[in-house]
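S.K.: Structure, please.
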Amino acid sequence: MELHLLADKAEYIPKIAKWYSDEWGDIGESRSTKALELKLTDYLNRNKLPMIVLAMEKDKLLGAAQLKFHEMSIYPDKEHWLGGVYIDKPYRGQGIAKQLIDKVIALAKHYQVSHLYLQTEDHSGGLYAQSGWQSIERVNYKNVDVLVMKKVL
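M.R.: Below you'll find the model as predicted:
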């Protein structure tokens, strides 16, 4: 498996938009897949944030994760977020998410980010808790109960 930036594999934007729409499209303001495709063009960066990291096996897209700004509007002071961690269903349970998350953390450190935040519907914290993320609080955001977590880099 190899990790790439979306900026180097922009042809996968429609697939990622479909994944995100299918998985989270009913949360908050529903966006069409086309609207998500347009939003994902903001991540076509190689030397600045925001970025999306892709997990690939040859020409097969396995998953994606984002290093982004201000994911939750209720936390305007929390700037940098890990988000959009998605692994295509046939490839789940193989450690791909951890590799994507580790790469996002490495990129965040490279860009001198001191804290990363995330939100998850898994109130146990799951993989994130196992990887040293600390729970901040549980909140209802856009009609979904989520756990907000933080990692000091």
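S.K.: Show me the longest helix that occurs in the protein.
M.R.: Looking only at the chain and at elements set by DSSP state H, the helix with the highest residue count is helix 96-110.
S.K.: list the buried ones in the lowest-mean-pLDDT helix or strand in the chain?
M.R.: Taking mean pLDDT, DSSP states H and E as the measure, the helices and strands of the chain show their lowest mean at helix 33-40, namely a mean of 89. Judged by neighbour count (16 or more other C-beta atoms under 10 Å), helix 33-40 contains these buried residues: 36-37, 40. From N, CA and C alone the C-beta is placed, and that goes for glycine too.
S.K.: re the thing from before, what is the distance between the longest helix of the chain and the centre of its chain?
M.R.: Taking C-alpha atoms, centre = their mean, to the nearest Å, one finds helix 96-110 lying 10 Å from the centre of the chain it belongs to.
S.K.: I'd like to know which elements that helix is packed against.
M.R.: With contacts defined as 3 or more C-beta pairs under 8 Å, 6 or more residues apart in numbering; DSSP states H and E, the packing partners of helix 96-110 are strand 2-5, strand 51-57, strand 60-69, strand 80-87, strand 115-120, helix 126-130.
S.K.: ok, and the residue lying closest to residue 36 once chain neighbours are set aside, which helix or strand is that part of?
M.R.: Counting by C-beta to C-beta, 6 or more residues apart in numbering, residue 17 is the residue found nearest to residue 36 once chain neighbours are left out, at 3.9 Å. When secondary structure is defined using DSSP states H and E, the element that contains residue 17 is helix 13-24.
S.K.: Report the angle between that helix and strand 60-69.
M.R.: Interaxial angle, helix 13-24 versus strand 60-69 (axes from the mean of the first three to the mean of the last three C-alpha atoms, to 10 degrees): 70 degrees.
S.K.: Which elements pack onto helix 13-24?
M.R.: For helix 13-24, the elements it packs on are helix 33-40, strand 60-69, strand 80-87, judged by 3+ C-beta pairs under 8 Å, 6+ apart.
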